[in-house]
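J.: Sequence first, predicted model second:
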Amino acid sequence: MKPIILFFFALACSVFSAENIRQASEARCWLKVPANQPPLKDVRISLGSVTNASWVKDPAIRDRQSDVMFPVRWWSWNETVVEFTPTYDGPLELVLCGPWQADKGNTIFRQEILWDEISATGVTIQNGGFETQETQGPAAWISTGVAYPAPDAWPLKGTKPLTGSHLATTWHNRTLSQTLQVKAGKPVSLRLHAKAATPPDFVAPKALGNATPAHRALARMKRGVNFGNGWEANPAWKLVFTPEDIDHIADQGFDHIRVPVGFHFYLKQGKDGMELSKSFLDELEPVLRRALDRKLTVLLDWHHFNDLTTAPDQNLSRFIAGWECIARHFKSWPSGLYFELLNEPHDAMTTEVCNQIYPKTIAAIRRIDLARIIVASPGSWGGINELEKLRLPDDDDRIIVTVHCYEPFHFTHQGAGWVGFQALKGVIYPGPPATPLQVPESLKGNPGVCQFIESYNTLPADRNPCSAKSVRLMLDAVQAWSIEFGRPVHLGEFGAHNIGDDASRGRYLHDVKSLAEERKIPWTLWEWKSSFGYWDPKTNQPRFRAALFE
């Protein structure tokens with residue numbers, strides 16, 4: 001090879017190796033209406049969401065581009081159906097792409113989406129099975145962006161199509177598009193099939209079956225409640241929990257509690273290593289012992305360790321040393337005490353980073369306590385869509401996976417200042433409301449809020465964003481993943497902020513607990529006696545007993 005050719009070959013290899021390749025959790029496509037035609041209205045989807053192009057500043061362009069997203073798996077194909085009725089005769093561009101996500105350096109992650117068997121009624125799609133291939137990609141599709149991969153290159157190499165012998169692949173920086181010809185008043189139904197491409201170094205997790213020690217441990221739990229705003233909060237203003245709270249919880253019919261603790265507040269260096277504060281243990285242990293005496297299972301959870309989620313590498317040793325200290329202290333305690341490694345990993349603590357940190361932490365705990373049940377969460381705040389990426393030690397069958405669900409988020413977090421929704425009030429559950437809700441003045445620049453309120457005001461109950469639909473789809477995904485890989489799953493948090501009316505909150509709680517129990521997923525309500533609370537500490541009475549127990 002000539003020197004200049006060698007240089008460019010080496011440069012190309014270095015660029016590819018430096019790519020931020022990540023496994024996708026959502027597929028994405030766009031429906032783009034030309035400038036001289038009216039936007040699509042009432043676009044419906046069987047699985048996922050449809051919004052306008054919220055990132056586009058020009059409202060005329062934004063409203064003419066529908067952004068379709070739906071969850072995908074790497075181990076099976078997902079199907080979604082998109083339906084709409086055009087109001088014009090003419091072209092409509094279908095663009096297959098991928099999710100947008102970037103690292104702190106603004107480098108976009110390469111999240112490849114595999115597509116197959118795209119079909120339609122009411123419009124013609126050419127080569128929707130991608131069986132006819134050309135040098136630049138599938139025939140009848142226009143490939144835009146970086147070069148389309150060769151059949152013997154990742155991610156096409158070794159992939160198995162849904163049907164036939166070929167499929168297609170796209171990501172944010174390489175799209176496939178086709179122009180469809182629509183007719184005014186003629187309904188269109190697009191059927192899309194997609195899955196996530198796995199990274200080049202991918203290793204599939206072992207399937208553990210459905211009769212592991214973790215399954216038996218999970219069977220001890222059905223209905224639980226969190227001790228929120230207590231030991232995980234700043235010690236200067238935390239709520240106080242006592243054995244009396246445990247008695248109320250047990251008397252109500254809960255069978256387990258989740259106890260969030262900011263262990264970073266209470267761990268200190270002693271002469272023989274890390275130690276837990278004596279004053280902290282004097283508060284905590286009587287509550288835990290009463291819970292175990294009342295036959296409640298206890299999930300002891302490390303909460304709000306922001307140093308770790310911000311800078312995992314710099315704080316890994318603290319995290320492992322902390323869990324070693326916790327494991328030593330509680331080694332002789334009954335088996336009904338479980339360890340939850342970390343609440344809601346987020347920011348730098350992605351699922352991929354969890355996959356590196358969890359095995360080291362679990363190994364440290366196992367050197368002290370072989371039998372203890374451990375609970376682990378995926379990244380993105382315990383996001384259900386992140387389960388596809390989670391990897392746990394294949395040889396450890398004493399691990400329960402936990403996820404959180406606060407959908408529909410604009411209802412459950414209305415009035416919540418910590419997410420910027422302090423002005424959002426009056427959202428009832430389920431939608432639509434009898435009187436349309438107005439977008440608060442301070443939130444008119446928030447496209448997510450604006451889109452939610454527009455759909456909330458106009459869509460019927462079975463498709464309304466403020467309904468049980470999103471929860472049902474998420475818990476279906478949880479159940480499917482759990483069965484496929486033999487990892488029992490617990491719903492560690494759900495709840496609704498007290499700015500919402502109690503009747504709506506009760507209907508929401510009843511829907512989530514019913515959907516979880518139908519799928520045999522134990523749940524733990526957020527939380528006992530604060531702003532999301534089940535219990536009214538002023539009256540010593542429950543607020544939502546009928547919703548959760550009757």
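T.: Looks like it arrived, so ask away.
J.: ok, now which ones touch the residue lying closest to Phe84 once chain neighbours are set aside?
T.: The shortest distance from Phe84 to any non-neighbouring residue, by CB to CB, 6 or more residues apart in numbering, is to Val43 (4.5 Å). (Glycine included, C-beta is placed from N, CA and C.) By CB atoms under 8 Å, 6 or more residues apart in numbering, the residues touching Val43 are Leu31, Val50, Ser66, Val68, Val82, Glu83, Phe84.
J.: Just put these in JSON lines and tack on neighbour count and secondary structure.
T.: Below are the contacts of Val43 laid out as JSON lines (neighbours: other CB atoms under 10 Å; DSSP: H, G, I helix; E, B strand; the rest coil):
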{"residue": "Leu31", "neighbour count": "23", "secondary structure": "strand"}
{"residue": "Val50", "neighbour count": "22", "secondary structure": "strand"}
{"residue": "Ser66", "neighbour count": "22", "secondary structure": "strand"}
{"residue": "Val68", "neighbour count": "23", "secondary structure": "strand"}
{"residue": "Val82", "neighbour count": "24", "secondary structure": "strand"}
{"residue": "Glu83", "neighbour count": "17", "secondary structure": "strand"}
{"residue": "Phe84", "neighbour count": "21", "secondary structure": "strand"}
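J.: which among these gets closest to Asp536?
T.: Val50 (40.0 Å; CB to CB).
J.: just checking, the closest one touches Ser66?
T.: Yes. Using CB atoms under 8 Å, Val50 is in contact with Ser66, at 5.5 Å.
J.: What residues sit buried inside stretch 525-535?
T.: For stretch 525-535, the neighbour count (16 or more other CB atoms under 10 Å) marks Leu525, Trp526, Glu527, Trp528, Lys529, Ser530, Phe532, Gly533, Tyr534, Trp535 as buried.
J.: scratch that, stretch 195-207
T.: Lys195, Ala196, Ala197, Thr198, Pro199.
J.: for stretch 249-269, same thing?
T.: Those buried within stretch 249-269 under the rule 16+ other CB under 10 Å are 249-250, 254-267.
J.: Could you do stretch 135-153 as well?
T.: Neighbour-count burial for stretch 135-153, counted by 16+ other CB under 10 Å, picks out Gly137, Pro138, Trp141, Ser143, Tyr148.
J.: which other residues reach the helix or strand hosting the fourth one?
T.: When secondary structure is defined by DSSP states H and E, Ser143 falls within strand 142-145. Counting by CB under 8 Å, 6+ apart, the neighbours of strand 142-145 from elsewhere in the structure are Gln136, Gly137, Asn173, Arg174, Thr175, Leu176, Ser177, Gln178.
J.: list the contacts for Val343?
T.: For the record, residue 343 is Asn, not Val. Residues near Asn343 by CB under 8 Å, 6+ apart: Glu232, Pro260, Asp301, Trp302, His303, His304, Ser377, Gly382, Gly492.
J.: got the residues you listed as CSV, with secondary structure, pLDDT and distance to Gly415 columns?
T.: What follows is these, written out as CSV (DSSP: H, G, I helix; E, B strand; the rest coil; pLDDT from 0 to 100; distance: CB to CB, whole Å):
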residue, secondary structure, pLDDT, distance to Gly415
Glu232, coil, 96, 21
Pro260, strand, 98, 22
Asp301, strand, 98, 25
Trp302, strand, 98, 28
His303, coil, 97, 22
His304, coil, 96, 21
Ser377, coil, 98, 26
Gly382, helix, 97, 22
Gly492, strand, 98, 23
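J.: Return the member of the residues you listed nearest to Gly122.
T.: Using CB to CB, the contacts of Asn343 come closest to Gly122 at Gly382, 39.8 Å.
J.: residues in contact with the closest one?
T.: Asn343, Glu344, Pro345, Thr402, Val403, His404, Gly492, Glu493.
J.: Which of these fall within strands?
T.: Using DSSP state E, the members of the contacts of Gly382 that fall in strands are Thr402, Val403, His404, Gly492, Glu493.
J.: Test my guess that the third one contacts Val489.
T.: No. Under the criterion of CB under 8 Å, His404 makes no contact with Val489, lying 11.3 Å away.
J.: Between those two, tell me which one has more neighbours.
T.: Val489 (25 against 21; other CB atoms under 10 Å).
J.: Give me the pLDDT for that one.
T.: pLDDT for Val489: 98.
J.: Pull up the gap between it and Ile400, please.
T.: Computed as CB to CB, to the nearest Å, the Val489 to Ile400 distance reads 7 Å.
J.: any idea what sits nearest the residue nearest the centre of the chain, other than its immediate chain neighbours?
T.: The chain has Gly383 as the residue nearest its centroid, 2.1 Å off, counting by CA atoms, centre = their mean. Excluding its sequence neighbours, the residue lying closest to Gly383 (CB to CB, 6+ apart) is Val403, at 7.1 Å.
J.: what pairs with the one you found across the strands?
T.: Counting by DSSP bridges, Val403 forms beta bridges with Leu491.
J.: give the contact list for it.
T.: Val403 touches Ser377, Pro378, Gly382, Gly383, Ile384, Leu387, Val478, Val489, His490, Leu491, Gly492, counting by CB under 8 Å, 6+ apart.
J.: Go ahead and confirm the second one touches Val353.
T.: Meaning Pro378. No. Contact criterion CB under 8 Å: Pro378 and Val353 do not qualify, at 11.0 Å.
J.: Comparing the two, which residue is more hemmed in?
T.: Taking other CB under 10 Å, Pro378 and Val353 do not tie; Pro378 has more neighbours (26 against 18).
J.: For His172, see how far away the more buried one is.
T.: 22 Å.
J.: go on, Phe452?
T.: From Phe452 over to His172 the distance is 24 Å, taken as CB to CB.
J.: These two: who's more crowded?
T.: Phe452 (23 against 20).
J.: Give the closest residue to that one in space, chain neighbours not counted.
T.: In space, Phe452 is closest to His410, 4.6 Å off (CB to CB, 6+ apart).
J.: Helix, strand or coil: sort out the one you found for me.
T.: What DSSP: H, G, I helix; E, B strand; the rest coil gives for His410 is helix.
J.: hang on, isn't it packed against Val449?
T.: Yes. Assessed by CB under 8 Å, His410 is found in contact with Val449 at 6.7 Å.
J.: who has more neighbours, those two?
T.: Just comparing His410 and Val449: by other CB under 10 Å the higher neighbour count belongs to His410, 22 against 19.
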